[in-house]
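[1] Give me a 3D structure for the following:
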Amino acid sequence: MHAAPSPSSPMSEPGHRGEPAETARPAGASALRAGSARGAAPLPRAEVRETHTAVVLFVGDRAYKVKKPVELGFVDYTTVAARRTACEREIALNRRFAPDVYLGVGDFRAPDSHVPEPVVVMRRMPEERRLARLVREEAPVDDALRAVARLLAAHHARAPRRREVDAQGSRDALSSRWEASFAQVRAMAEGGPVPDGVEETEHLVRRYLAGRGPLFDSRVAEGRVVDGHGDLLAEDIFSLDDGPRVLDCLEFDDSLRYVDGLDDAAFLAMDLEQLGAPGAAAFFLAAYSEYSGDPAPPSLRHHYVAYRAFVRAKVSLIQARQGAPGTRAGRLIRATVRHLRASAVGLTLVGGLPGSGKSTLSGALADRLGVTLLSSDRLRKELAGIPPDQPAAAGYGEGLYTPAWTDRTYRALLDRASALLSRGESVVVDATWSSAEQREAAVSMAARTHADLVALHCQVPDELSAARLAGRAHGASDADPLVAAAMAAKEPPWPEAVGIDTSGSLESAVARALAAIRPYDDSQAPVFRRVQAMPVPRG
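    Have a look, this model is predicted:
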């Protein structure tokens with residue numbers, strides 16, 4: 001059975017509670033069977049659990065948490081007044097999520113004491129309804145996770161917004177938290193090699209944050225940064241018949257509870273994944289996005305899950321140094337790297353002559369990756385104010401295909417791609433890319449936005465290209481075999497691009513392209529795709 005233990009590790013970061021300092025032990029359970037003689041169900045056994053900062057007594061249907069008189073750097077409970085303030089703060093903050101569990105502050109008093117000891121009084125939760133236990137037992141949890149997502153999103157919607165809260169959701173604030181964790185992990189290495197994956201983590205984090213300023217600015221402007229829970233673990237969530245009870249929020253440092261709502265939700269997603277339920281993690285974040293009406297790109301979801309995993313890895317390393325048996329740090333760092341790789345923002349150029357299959361491949365890639373597709377053919381006609389399927393045939397370099405029109409089209413393509421990349425959206429750009437200057441401009445834009453650029457050059461035999469063009473119905477492209485031949489005569493080499501033979505099956509071409517775009521195995525990371533949002537009114 002459970003009452004929420006306080007943070008147990010001397011760290012000013014969520015997720016640092018660690019393991020209890022002592023295991024639970026019976027405490028006179030036979031004397032607590034009140035009501036059994038009257039035919040009522042027996043009360044649960046009494047237990048005691050101890051953490052670094054508190055002792056929790058489980059007696060009958062109540063749990064009593066007493067703060068220890070300790071000073072650990074991030075908390076100072078050495079006076080009765082400080083312990084009472086901490087108890088009152090814990091009650092007030094946790095009632096936001098479980099008002100009927102946190103009953104109030106009581107007192108323990110010895111016969112010879114004039115100063116009572118404050119104690120947090122709670123309802124005792126049923127162990128068999130603990131979410132972590134349900135997940136480990138592979139019980140159905142979709143309904144429970146949806147209920148938790150709804151509760152969390154509703155809290156975030158009504159949480160007050162303040163300047164000091166917003167400040168913690170900025171890119172610089174997140175970067176500072178990452179860098180502090182990097183410094184702690186490197187300090188533990190004492191000049192030796194850091195654990196595998198840490199250097200890649202540092203590189204991927206810095207690259208993502210460097211190019212995503214507009215994304216984080218928009219999150220703050222939209223009110224996405226909230227006074228949240230801060231420590232959302234499956235161990236502290238109970239799925240009851242009348243709804244979930246979410247316990248034990250982070251109460252010892254307000255600034256660490258001021259987070260992007262998605263960051264708050266990502267904590268539980270990370271924990272579910274570590275419990276061996278990546279599908280449940282993806283399901284929970286999708287449900288949270290529905291109820292919060294959050295349009296966040298998948299890259300940001302992966303980034304926040306990675307952040308939470310790395311924090312837990314750091315804690316595991318600290319506990320190992322303190323003599324705790326076993327460590328999950330390696331597994332957590334591997335999870336961090338998987339999610340950071342999945343969060344990397346990419347610009348994929350799909351080029352080739354008319355009839356090469358580039359548009360078909362571009363569309364298939366965008367669908368498979370769940371990213372935005374930009375098409376030069378469609379944008380050219382949009383700029384001209386005509387429907388994309390309206391013919392505008394012209395000779396090579398004429399009509400809408402003069403050098404000036406082409407330059408305008410490619411500038412607009414790259415401007416739109418840049419805006420999307422800066423907001424965490426990966427992009428596939430379908431165009432011929434037959435000019436070296438256009439290719440160089442794309443490379444420069446990818447560097448400015450710190451996006452991973454992959455160029456794909458679609459190629460087919462000339463006779464197949466001609467047959468495709470001859471049999472193609474009217475669409476966004478107006479090129480015919482004569483235009484294609486003129487372009488081929490002037491197309492410069494593109495050695496940086498990966499050649500894609502599109503003369504075979506589409507699936508084969510897609511597989512070759514995906515191998516170039518994502519050369520690593522990310523199959524273990526949940527697929528976080530954008531979902532249709534269900535706004536929750538703020539009140």
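
[2] quick one: least confident helix or strand in this structure?
    strand 22-26 (a mean of 37; mean pLDDT, DSSP states H and E).

[3] now the strands for the stretch 201-350 of the chain?
    For the stretch 201-350 of the chain, applying DSSP state E, counting those that start in this stretch gives strands covering 225-227, 237-240, 243-246, 258-260, 346-351.

[4] pLDDT wise, what is residue 64 at?
    We have a pLDDT of 97 for residue 64.

[5] That one sits in which helix or strand?
    Per DSSP states H and E: residue 64 is located in strand 62-67.

[6] That strand pairs with which strands?
    Strand 62-67 sits in its sheet next to strand 54-59 (antiparallel), strand 117-123 (antiparallel), going by DSSP bridges.

[7] Could you pull out the helices in the stretch 301-450 of the chain for me?
    329-343, 358-369, 376-384, 403-422, 436-448 (DSSP state H, counting those that start in this stretch).

[8] what does the second one contact?
    What that stands for is helix 358-369. Helix 358-369 is contacted from outside by 348, 350-352, 371-373, 375, 377, 426, 428-430, 432, 456, 458, 476-477, 500, 502, 506, 509-510, 513-514, 517, using Cβ atoms under 8 Å, 6 or more residues apart in numbering. Bear in mind the C-beta positions are built from the backbone N, C-alpha and C, glycine included.

[9] Please repeat the previous calculation with a cut-off of 6 Å.
    Residues outside helix 358-369 that contact it (Cβ atoms under 6 Å, 6 or more residues apart in numbering) are 350, 352, 373, 428, 430, 458, 506, 509, 510, 513.

[10] just the fourth one next, same as before
    With Cβ under 6 Å, 6+ apart as the contact definition, helix 403-422 has outside contacts at 214, 345, 372, 374, 376, 379-380, 427, 429, 438, 441, 445, 449, 451.

[11] any idea how far the residue in the chain sticking out farthest from the centre is from residue 151?
    In the chain, residue 112 marks the outermost C-alpha relative to the chain mean, sitting 53.2 Å out by Cα atoms, centre = their mean. As for residue 112, its distance to residue 151 is 45 Å (criterion: Cβ to Cβ, to the nearest Å).

[12] Over to residue 158?
    11 Å.

[13] quick one: which of those two has more around it?
    A side-by-side neighbour count of residue 158 and residue 151, using other Cβ atoms under 10 Å, places residue 151 first with 20 against 12.

[14] Need the per-residue pLDDT for that one.
    As predicted, residue 151 sits at a pLDDT of 97.

[15] list the helices and strands the helix or strand where it lies packs on?
    Using DSSP H and E, residue 151 maps to helix 142-158. Helices and strands touching helix 142-158, as assessed by 3 or more Cβ pairs under 6 Å, 6 or more residues apart in numbering; DSSP states H and E, comprise strand 243-246, helix 278-292.

[16] In CSV, list those along with distance to residue 417 and mean pLDDT.
    Output for these, formatted as CSV (distance: least, Cβ to Cβ, whole Å; pLDDT from 0 to 100):
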stretch, distance to residue 417, mean pLDDT
strand 243-246, 40, 97
helix 278-292, 24, 97
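
[17] Residue 483 is nearest to which of those?
    Closest of the helices and strands packed on helix 142-158 to residue 483 is helix 278-292, at 44.2 Å (criterion: Cβ to Cβ).

[18] any idea how far the most centrally placed residue in the chain lies from residue 221?
    With distances taken as Cα atoms, centre = their mean, residue 301 lies nearest the centre of the chain, 2.5 Å away. Separation of residue 301 from residue 221 (Cβ to Cβ) stands at 19 Å.

[19] ok, back up a step: compare the helices and strands packed on helix 142-158 and report which one is nearest to residue 204.
    helix 278-292 (19.6 Å).

[20] As PDB, could you dump the C-alpha coordinates of the closest one?
    Taking C-alpha atoms only, helix 278-292 is exported to PDB below (Å, rounded to 0.1, in the frame of the first residue of the first chain):
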ATOM      1  CA  PRO A 278       6.500   1.600 -25.200                       C
ATOM      2  CA  GLY A 279       3.100   1.200 -26.800                       C
ATOM      3  CA  ALA A 280       1.400   2.500 -23.600                       C
ATOM      4  CA  ALA A 281       3.900   5.400 -23.600                       C
ATOM      5  CA  ALA A 282       2.900   6.400 -27.100                       C
ATOM      6  CA  PHE A 283      -0.800   5.900 -26.300                       C
ATOM      7  CA  PHE A 284      -0.600   8.200 -23.300                       C
ATOM      8  CA  LEU A 285       1.100  11.000 -25.100                       C
ATOM      9  CA  ALA A 286      -1.400  10.800 -27.900                       C
ATOM     10  CA  ALA A 287      -4.200  11.000 -25.400                       C
ATOM     11  CA  TYR A 288      -2.600  13.900 -23.600                       C
ATOM     12  CA  SER A 289      -2.300  15.700 -27.000                       C
ATOM     13  CA  GLU A 290      -6.000  15.100 -27.600                       C
ATOM     14  CA  TYR A 291      -7.200  16.500 -24.300                       C
ATOM     15  CA  SER A 292      -4.700  19.400 -24.200                       C
END
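
[21] That one: which residues count as buried?
    For helix 278-292, burial by neighbour count (16 or more other Cβ atoms under 10 Å) applies to 278, 280-292.

[22] Redo the helices of the stretch 301-450 of the chain as CSV? Include mean neighbour count and mean pLDDT.
    Converted to CSV, the helices of the stretch 301-450 of the chain look like this (neighbours: other Cβ atoms under 10 Å; pLDDT from 0 to 100):
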stretch, mean neighbour count, mean pLDDT
helix 329-343, 23, 96
helix 358-369, 20, 95
helix 376-384, 19, 91
helix 403-422, 18, 96
helix 436-448, 16, 97
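
[23] Which pLDDT value belongs to residue 101?
    Note on residue 101: pLDDT of 98.

[24] Show the contacting residues for it.
    Contacts of residue 101 (Cβ under 6 Å, 6+ apart): 122, 123, 245.

[25] does the residue farthest from the centre of the chain count as helix, strand or coil?
    coil (DSSP: H, G, I helix; E, B strand; the rest coil).

[26] Might you report the residue contacts of residue 288?
    Applying Cβ under 6 Å, 6+ apart, we find residue 288 in contact with 149, 153, 265.

[27] measure it to residue 261 for me?
    As judged by Cβ to Cβ, residue 288 and residue 261 stand 8 Å apart.

[28] what do you get for residue 104?
    Using Cβ to Cβ, we find residue 104 at a distance of 29 Å from residue 261.

[29] out of these two, which sits in the busier spot?
    residue 261 (27 against 12).

[30] quick one: that one and residue 226 touch, right?
    Yes - counting by Cβ atoms under 6 Å, residue 261 does reach residue 226; the two are 5.1 Å apart.

[31] what touches both of these two?
    Shared contacts of residue 261 and residue 226 (Cβ under 6 Å, 6+ apart): residue 156.

[32] Can you name the residues that contact the residue farthest from the centre of the chain?
    Applying Cβ under 6 Å, 6+ apart to residue 112 gives no contacts.

[33] can you check residue 303 too?
    Shown in contact with residue 303 (Cβ under 6 Å, 6+ apart): 208, 343.

[34] mean confidence for the host helix or strand of residue 179?
    Per DSSP H and E: residue 179 is located in helix 171-189. Averaged across helix 171-189, the pLDDT comes to 95.

[35] ok, residue 429 touching residue 349?
    Yes - Residue 429 is within contact range of residue 349, at 5.4 Å (criterion: Cβ under 6 Å).

[36] what's the next helix-or-strand element following the least confident helix or strand of the chain packed up against?
    Next helix or strand after strand 22-26 toward the C-terminus (DSSP H and E): strand 47-50. Using 3+ Cβ pairs under 6 Å, 6+ apart, the elements in contact with strand 47-50 are strand 22-26, strand 54-59.

[37] what does the average pLDDT come to for the last one?
    When you say that, I think you mean strand 54-59. 93.

[38] From the chain's centre, how far out is that strand? Work that out for me.
    Here the centre of strand 54-59 is set off from its chain's centre by 34 Å, with Cα atoms, centre = their mean, to the nearest Å.
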